[in-house]
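**Q** take this sequence and fold it.
(2 chains)
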Amino acid sequence: AQTVTQSQPEMSVQEAETVTLSCTYDTSENNYYLFWYKQPPSRQMILVIRQEAYKQQNATENRFSVNFQKAAKSFSLKISDSQLGDTAMYFCAFMKHAGGGADGLTFGKGTHLIIQP
Amino acid sequence: DTAVSQTPKYLVTQMGNDKSIKCEQNLGHDTMYWYKQDSKKFLKIMFSYNNKELIINETVPNRFSPKSPDKAHLNLHINSLELGDSAVYFCASRQGTANYGYTFGSGTRLTVV
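**A** Numbers count the residues shown, from 1 in each chain, chains lettered A, B, ... in the order given. Predicted coordinates for the structure are as follows:
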C-alpha cells in the first residue's frame, strides 16, 4: 500500500512571496503518477500540476512547479509570486500506473496555505 | 457545461434514513469514483467503476452501495445512515491513462443528525 505524507498542516506567507509545500510518499511501485490538487473554500478539487514518475524533468505550470526527487520519494510544490487566490488546502496525491485497470488516488492530509495581503 | 455534476450539493437527514447521491459526467471517461472527505479534510477512495464493473471497494461498510446504470453515471446509495457518515462525498472520473488526472465534481456535503 502507498502512503503520502504532508508534514506542514498550515503555512502562511505574504502576497508575492514564494512558498514551497512538502510531500513525501512511500511505495514499492516503479511506475506511478503524482499530483497536487488545490481545494479553495468553494471545496472544488482543482488539479494544479501532475508528474509522471518516469520523467526526470520537473513539471511546471505557470507559477507552479515541482521538485520531484524519485530516489528520495519527495514531491514538493513551489508557488512563485503567490496571490491571494492561492489561499486554499493543497493535497499531494499518488496513483499507481493503472495498466488497464482502475486505481484511485492516495491523498496526503493536506496543507492549508494562507496568503496574507 | 459542467464536466462532473453531483446532486444534491447539500443533504441533511436523520439517522436511520436511506439516501442517494447522484453523479453524472459528460466527458466520456471510462472510470468513475467516489471519495469521502472527513471532517479533518482527509480524502479517501470508496469505490470505482470501470465499464460498469466495480474495481475497488476500500473496506467501506456494506450500507454504501454504488450503482452505475451506464458509463456516464455513478450513484451512491447509503442505507441506515449513521452520524459518522457525515462528510463531503466527491464523485470523480478519469479517462484511460492518468496523464490527464482526475476530474472531480463539486462535492455533496452530507450531514446526519
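
**Q** going forward, measure contacts between C-alpha atoms and count neighbours the same way
**A** Will do.

**Q** so what's residue 14 closest to, chain neighbours aside?
**A** I'll assume chain A. A:Gln116 (4.7 Å; Cα to Cα, 6 or more residues apart in numbering or on different chains).

**Q** my bad, chain B
**A** Closest residue to B:Gln14 apart from its sequence neighbours, by Cα to Cα, 6+ apart: B:Val113 at 4.9 Å.

**Q** which ones are touching the residue nearest the centre of chain B?
**A** For chain B, B:Trp34 is the residue whose C-alpha lies nearest the centre (Cα atoms, centre = their mean; 3.1 Å). Going by Cα atoms under 8 Å, 6 or more residues apart in numbering or on different chains, B:Trp34 touches B:Ile45, B:Met46, B:Phe47, B:Ser48, B:Leu76, B:Tyr89, B:Phe90, B:Cys91, B:Ala92.

**Q** then A:Leu34?
**A** Taking Cα under 8 Å, 6+ apart, we find A:Leu34 in contact with A:Arg50, A:Gln51, A:Glu52, A:Ala53, A:Phe75, A:Cys92, A:Ala93, A:Phe94, A:Met95.

**Q** and B:Ala87, by the same measure?
**A** For B:Ala87, the contacting residues are B:Lys36, B:Gln37, B:Asp38, B:Ser39, B:Arg109, B:Leu110, B:Thr111, by Cα under 8 Å, 6+ apart.

**Q** that one and B:Phe42: what is the separation?
**A** 10 Å (Cα to Cα, to the nearest Å).

**Q** just B:Ala72 next, same as before
**A** Taking Cα to Cα, one finds B:Ala72 at 26 Å from B:Phe42.

**Q** what about those two, which has more around it?
**A** B:Ala72 (20 against 14; other Cα atoms under 10 Å in any protein chain shown).

**Q** go ahead and confirm that one touches B:Asn26.
**A** Yes. Contact criterion Cα atoms under 8 Å: B:Ala72 and B:Asn26 qualify, at 6.6 Å.

**Q** coming back round to it: buried subset of the contacts of B:Ala87?
**A** Taking 16 or more other Cα atoms under 10 Å in any protein chain shown as the criterion, what is buried in those is B:Lys36, B:Gln37, B:Arg109, B:Leu110, B:Thr111.

**Q** re the thing from before, and the contacts of B:Trp34 near chain A, which?
**A** B:Ile45, B:Ser48 (Cα under 8 Å from any Cα of the partner chain).

**Q** tell me how many other residues surround the residue in chain B that chain A sits nearest to.
**A** Taking Cα to the nearest Cα, chain A has its nearest neighbour within chain B at B:Ser106, 4.9 Å off. For B:Ser106, the neighbour count with other Cα under 10 Å is 22.

**Q** quick one: low-confidence parts of chain A?
**A** Along chain A, the parts satisfying pLDDT under 70 run over A:98-102.
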